[in-house]
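**Q** just to be clear, the model below is a prediction. Sequence and coordinates:
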Amino acid sequence: MMGGNGPNTNEVGRVERPNWAPGDIDLERPSVARVYDYYLGGAHNFAADRAVAQQTLEMMPDLRRIVLNHRAFLGRAVRYLLGRGVRQFLDLGSGIPTVGNVHEIAQSVDPAAKVVYVDLDPVAVAHSRSLLDGDERVNVLQADVRDPVSVLASPEVNDLLDLDEPIGVLMIALLHFVSDDENPAGIIGGYRDRLAPGSFLVVSHSGYEADEETPELREVRTVYEKAVTRTTLRNKAELTRLFDGFELVEPGVVRLPAWRPESPEHPDASGRPFPGFCAVGRKAQR
């Protein structure tokens, strides 16, 4: 699957750095973006990422389906925004490009649509730049999305996006990696206050109500936090509060499969409450 970009081996049992991996990457440390890439069936991940992903999938086989629901919601939300006239997007915590990216969806509707991808992971950024080289309507920024001032002041954003016109800000499977101590409401506010009226915020977030946590969810979360990063799962009310300053689009904050499904057959087939919420909000006109 990796073809000529796969790892090189000089001796038995020793795997060298793949050609697509930046030189300063620690191959032994899993990353959020690369584990997510593995869940989505991508090839830009390392053995350490795959080990964590496989361990969590063994504990919770539904996990890949859950991740794919976040991805499917992204597609539905982007198409909704396109239908409301939005033609520029800021994808925060964008990860490693896979099929069904924002620019593919947007430019299939309007080839002039513009997208800026933002991620902190060097592999995600390097691969995004390589994949998108030559597309003048897409930029890639390596930055910490928790610093909206720096993100919005960057040339990558300002050279491509017009902050005086509506923008779709996407936070897909991102905020559950932002702790309460890091002030997610303040981070969102830093973006919201710079957005033009008519802009949209799109969020998907892992979480559940207090009585819904299962033993397998606890096990997966423990493994993930030990190996990759800590998580802060939020319930419906907590996610709703993060949309302060935005008017929620119908149906409001709901489980991921229930947000404007493309088919009426949307209920979660597992029979258990889906462990994640999502919503789209619109910044009101002045």
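**A** Yes, it's here.

**Q** where exactly do the helices run in the stretch 101-250 of the chain?
**A** Taking DSSP state H, counting those that start in this stretch as the criterion, the stretch 101-250 of the chain contains helices spanning 102-109, 122-132, 148-153, 155-158, 184-192, 215-227, 236-241.

**Q** name the residues of the last one that come out as buried.
**A** Okay, so that is helix 236-241. Neighbour counts over helix 236-241 (16 or more other C-beta atoms under 10 Å) mark 236, 238-240 as buried. C-beta coordinates here come from the backbone N, C-alpha and C atoms, glycine included.

**Q** show me where the stretch 151-286 of the chain has strands.
**A** 168-172, 200-206, 246-248, 254-255, 276-283 (DSSP state E, counting those that start in this stretch).

**Q** contacts for the shortest one, please.
**A** Residues from elsewhere that reach strand 254-255, judged by C-beta atoms under 8 Å, 6 or more residues apart in numbering: 268, 273-274, 276-279.

**Q** contacting residues around the residue most central in space within the chain?
**A** Central residue of the chain (C-alpha atoms, centre = their mean): I172, 3.5 Å from the mean position. Taking C-beta under 8 Å, 6+ apart as the criterion, I172 is in contact with 70-71, 73-74, 91, 93, 202-204.

**Q** may I have the beta-bridge partners of it?
**A** Judged by DSSP bridges, the bridge partners of I172 are S204.

**Q** sorry, back to before: dump the helices of the stretch 101-250 of the chain to TSV, plus mean pLDDT.
**A** Formatted as TSV, the helices of the stretch 101-250 of the chain follow (pLDDT from 0 to 100):
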stretch	mean pLDDT
helix 102-109	94
helix 122-132	83
helix 148-153	98
helix 155-158	97
helix 184-192	98
helix 215-227	88
helix 236-241	97
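
**Q** out of those, which gets nearest to L63?
**A** helix 215-227 (6.6 Å; C-beta to C-beta).

**Q** quick one: buried residues of that closest one?
**A** 217, 220-221, 223-224, 227.

**Q** can you list the residues that contact that helix?
**A** With contact meaning C-beta under 8 Å, 6+ apart, helix 215-227 is reached by 30, 52, 55-56, 59-60, 63, 208, 231, 233, 275.

**Q** most neighbours among the contacts of I172, please name it.
**A** Scoring those on neighbours with other C-beta atoms under 10 Å, the highest-scoring entry is D91 at 28 neighbours.

**Q** what's near enough to touch V32?
**A** Counting by C-beta under 8 Å, 6+ apart, V32 touches 95, 121, 177, 228-229.

**Q** 10 Å instead, please
**A** 49, 93, 95, 119-121, 124, 173-174, 177, 224, 228-229, 231 (C-beta atoms under 10 Å, 6 or more residues apart in numbering).

**Q** could you redo these as TSV and give each row distance to N139?
**A** What follows is the contacts of V32, written out as TSV (distance: C-beta to C-beta, whole Å):
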residue	distance to N139
D49	26
G93	16
G95	16
D119	12
L120	16
D121	16
A124	14
A173	21
L174	19
F177	23
Y224	30
V228	27
T229	26
T231	29
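
**Q** which one of these is nearest P251?
**A** Comparing the contacts of V32 against P251 with C-beta to C-beta places A173 closest, at 19.8 Å.

**Q** quick one: residues contacting the nearest residue to that closest one once chain neighbours are set aside.
**A** Sequence neighbours aside, H70 is the residue nearest to A173 in space, at 4.6 Å (criterion: C-beta to C-beta, 6 or more residues apart in numbering). Going by C-beta under 10 Å, 6+ apart, H70 touches 36, 39-40, 172-174, 204-206, 256, 276, 278.

**Q** can you name the helix or strand that H70 falls in?
**A** Taking DSSP states H and E as the definition, H70 sits inside helix 63-83.

**Q** what is the rounded mean pLDDT of that helix?
**A** Averaging pLDDT along helix 63-83 yields 95.

**Q** mind listing what's buried in it?
**A** Applying 16+ other C-beta under 10 Å to helix 63-83 flags 63-64, 66-67, 69-74, 76-78, 80-82 as buried.

**Q** of those residues, closest to V249?
**A** V249 lies nearest to Y80 out of these, by C-beta to C-beta, at 7.5 Å.

**Q** thank you, goodbye.
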